[in-house]
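J.: Just need the structure, nothing else, for what follows:
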Amino acid sequence: MLTVLAVSLLLARCGAQDATQLTNRESGPDTPAPPAATSAPAPVPGSVIAKGENVLGADNVQNLRANDAAKATAHRVRVQSVPADEGFWIGPNTRDRLWVTLTGTHGESIFTVKRGDTAEFTGVIARVTPNFTTDAGITRDEGTDQINQQGFYLSVPAASVKLSS
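T.: Predicted coordinates for the structure are as follows:
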């Protein structure tokens, strides 16, 4: 009881409302403030990031393969071509591109993706299955060899896509 009374008197005498305030007051004005929280760097336009690594482009195929089934976010990527109803290539050119398949469209998406559009979305890196390109309606001229060589594509819910011209 005597201890509680002594602490109450000490708090009242210092003008502190609780022990935390008293502790902070005791640290004094010369005590440095805790470091400010740092935020992640702004995403680079034209990138697709999975677990902090860019997976878009021929030079990043190893990153793509290392992130199987990981969430991936596209930041202002250019639509390179649109050879399928629910699929398209993103990237700056035919060498540095990645296939995107839209999901959740129930047969037809509510928007039209066009070559040259800028897209933002979040999806999942998915492994190419043996019949993937046939099922997606992609021909050899449209890049089946490249999709099979990469071994992965982006599976993207249509509802997550934001387009701008």
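J.: what mean pLDDT does stretch 73-90 have?
T.: What stretch 73-90 shows for mean pLDDT is 96.
J.: buried ones in that stretch?
T.: Residues 74-75, 77-84, 86-90 are the ones in stretch 73-90 that count as buried (16 or more other CB atoms under 10 Å). All C-beta spots, glycine's among them, are computed from the backbone N, C-alpha and C.
J.: Then stretch 43-60?
T.: For stretch 43-60, by 16+ other CB under 10 Å, it's 46-50, 53-58, 60.
J.: Tell me the one among those nearest to V156.
T.: Taking CB to CB as the measure, V156 lies nearest V48 of the buried residues of stretch 43-60, at 10.4 Å.
J.: Nearest residue to the closest one in space, please, no chain neighbours.
T.: L56 (4.1 Å; CB to CB, 6 or more residues apart in numbering).
J.: Show me the buried residues of stretch 73-90 that map onto strands.
T.: 74-75, 77-84, 87-90 (DSSP state E).
J.: could you redo the buried residues of stretch 43-60 as a markdown table and give each row pLDDT and distance to Q146?
T.: Putting the buried residues of stretch 43-60 into a markdown table (pLDDT from 0 to 100; distance: CB to CB, whole Å) gives the following:
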| residue | pLDDT | distance to Q146 |
| --- | --- | --- |
| G46 | 97 | 18 |
| S47 | 97 | 19 |
| V48 | 97 | 16 |
| I49 | 97 | 21 |
| A50 | 97 | 19 |
| E53 | 95 | 20 |
| N54 | 96 | 18 |
| V55 | 97 | 15 |
| L56 | 96 | 13 |
| G57 | 93 | 12 |
| A58 | 92 | 9 |
| N60 | 93 | 14 |
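J.: Sort out which one of these lies nearest Q149 for me.
T.: A58 (9.8 Å).
J.: ok, that closest one to S81 distance?
T.: 16 Å (CB to CB, to the nearest Å).
J.: Equivalent analysis for A126, please.
T.: 20 Å.
J.: Quick check, central residue of this protein?
T.: Geometric centre of the chain, nearest residue: T73, 2.9 Å, by CA atoms, centre = their mean.
J.: show me where this protein has helices.
T.: Using DSSP state H, the helices of the chain run over 2-14, 19-27, 61-66, 132-136, 144-150.
J.: Let me see the mean pLDDT of the third one.
T.: Averaging the model's pLDDT scores along helix 61-66 yields 94.
J.: from the buried residues of stretch 73-90, which is closest to S109?
T.: E86 (6.4 Å).
J.: Mind listing the residues bridging to V48?
T.: A74 (DSSP bridges).
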